Structure formats: C-alpha cells, structure tokens
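*Asks:* Just to be clear, the model below is a prediction. Sequence and coordinates:
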Amino acid sequence: MVRPPLSPEERLRGEQLGTLLRHARGERSIVEVAAAAGMSAETLRKIETGRIATPAFFTIAALADVLGVPLDYLAIRLTPAVPT
C-alpha cells in the first residue's frame with residue numbers, strides 16, 4: 001500500500017507539532033523522553049524535525065503524557081484557523 005503524498009498543510013502541521021514537542025522537552029534528553037514514551041530516540045527525533053509529519057495518535061498521546069502537555073493544547077495550536 002502506497003501512502004499518498006502529504007499536502008503542504010500536513011507537512012507544516014508536522015513541523016509545528018515537532019516544534020511544540022521540542023520546546024516542551026526543554027533540557028531533557030531526547031533519549032530520556034523517548035524511552036519514557038516507549039519509542040526510539042530516532043522516532044522522536046524524526047517527529048521533532050517534521051520528518052514524521054503525521055505520527056499516530058497514541059504516539060503523540062504518550063509523548064504528551066511524558067512531557068506534561070495536554071492533548072487539547074496541541075490540538076488547538078495545530079488546528080488551522082477557519083477563515084471568516
């Protein structure tokens with residue numbers, strides 16, 4: 001099964017997610033946070049750099065839990081604004 005290419009909006013949202021998670025991680029090591037969330041450091045690195053632009057919900061939920069970031073905080077910041 002071949003995945004369709006991501007839209008520019010999906011790529012941007014992935015980059016924004018990575019930035020939010022990187023800031024939430026702060027001074028904690030990528031290895032420490034990844035291990036606590038049950039994933040490899042390489043996977044977290046790819047999410048933080050936007051190379052995995054659409055990570056699975058449970059991956060983000062695990063990271064949010066470890067980082068102490070509410071999921072609604074992420075959702076609000078990653079939801080595109082609706083034009084009025």
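*Replies:* Alright, I've got the coordinates. Numbers count the residues shown, from 1 in each chain.
*Asks:* Work out the gap between the lowest-mean-pLDDT helix or strand in the chain and the centre of the chain.
*Replies:* Least confident helix or strand of the chain, by mean pLDDT, DSSP states H and E, is helix 71-78 with a mean of 90. Here helix 71-78 is found 11 Å from its chain centre; the criterion is Cα atoms, centre = their mean, to the nearest Å.
*Asks:* how many other residues sit next to Leu67?
*Replies:* When neighbours are counted by other Cβ atoms under 10 Å, Leu67 registers 18. Where you see a C-beta, it was placed from the backbone N, CA and C, and this is true even at glycine.
*Asks:* Mind checking what secondary structure the nearest residue to it once chain neighbours are set aside has?
*Replies:* Using Cβ to Cβ, 6 or more residues apart in numbering and skipping the chain neighbours, the partner closest in space to Leu67 is Ala24 (4.2 Å). Three-state assignment for Ala24 (DSSP: H, G, I helix; E, B strand; the rest coil): helix.
*Asks:* And Ala24, how close does it get to Leu74?
*Replies:* Separation of Ala24 from Leu74 (Cβ to Cβ, to the nearest Å): 9 Å.
*Asks:* Also Val66?
*Replies:* 13 Å.
*Asks:* again with Pro5
*Replies:* Distance from Pro5 to Leu74, by Cβ to Cβ: 24 Å.
*Asks:* more crowded one of those two?
*Replies:* Comparing Pro5 with Leu74 by other Cβ under 10 Å, the one with more neighbours is Leu74, at 20 against 8.
*Asks:* The more buried one contacts Ile60, doesn't it?
*Replies:* Yes. Counting by Cβ atoms under 8 Å, Leu74 does reach Ile60; the two are 6.9 Å apart.
*Asks:* Need the overlap of contacts for those two.
*Replies:* Both Leu74 and Ile60 are contacted by Leu17, under the criterion Cβ atoms under 8 Å, 6 or more residues apart in numbering.
*Asks:* what sits against the closest residue in space to Leu6 that isn't next to it in sequence?
*Replies:* Leaving aside its sequence neighbours, Leu6 sits nearest to Ala53 (Cβ to Cβ, 6+ apart; 5.5 Å). Neighbouring residues of Ala53 by Cβ under 8 Å, 6+ apart: 6, 10-11, 13-15, 17.
*Asks:* No more questions from me, cheers.
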